[in-house]
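K.L.:
What shape does this take:
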Amino acid sequence: MNNKEFIGAIALKTGYTQDESQQMVKDVIEQLSKYFESGESVAVSGFGTFEVKKRLERVMVNPATGLRMLVPPKLVLNFKPATMIKVQVKKGGVENG
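P.N.:
Predicted coordinates:
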């Protein structure tokens, strides 16, 4: 599913226009980004939890040359899906019916 299909599905489900739906999605993403920038985690009930984690400094070896390099620490965004989502994916998705 691409962005256009996603926005169309939201518009159909909510009854809003595609422009209104796209603006809502942009607003949600903008809000999430603000929390991530400040290092806060965001839990979406029934969906999962997004959290900013710090990756520690580590040594990496280039397999072609054998050269060892130091990779600096960095912040990464991690997502942990809700249990119900994990179960649905393992079963092959949600059945409509």
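K.L.:
which residues does residue 81 form a beta bridge with?
P.N.:
For residue 81, the beta-bridge partners are residue 48 (DSSP bridges).
K.L.:
Might one say that it is in contact with residue 50?
P.N.:
No: using Cβ atoms under 8 Å, residue 81 is not in contact with residue 50, being 10.3 Å away. For glycine as for every other residue, the C-beta is placed from the backbone atoms N, C-alpha and C.
K.L.:
Between those two, which has more neighbouring residues?
P.N.:
The neighbour count for residue 81 versus residue 50, taken as other Cβ atoms under 10 Å, is higher for residue 50 (17 against 14).
K.L.:
Show the contacting residues for the more buried one.
P.N.:
Contact analysis of residue 50 by Cβ atoms under 8 Å, 6 or more residues apart in numbering lists 32, 36, 41-44, 77-79.
K.L.:
Helices - which of those residues land there?
P.N.:
32, 36 (DSSP state H).
K.L.:
who touches the helix or strand where residue 34 lies?
P.N.:
Using DSSP states H and E, residue 34 falls within helix 18-37. Here helix 18-37 makes contact (Cβ under 8 Å, 6+ apart) with 6-8, 10-11, 14, 16, 41-42, 50, 52, 77.
K.L.:
Could you rerun that using 7 Å?
P.N.:
7-8, 10-11, 14, 42, 50, 52, 77 (Cβ atoms under 7 Å, 6 or more residues apart in numbering).
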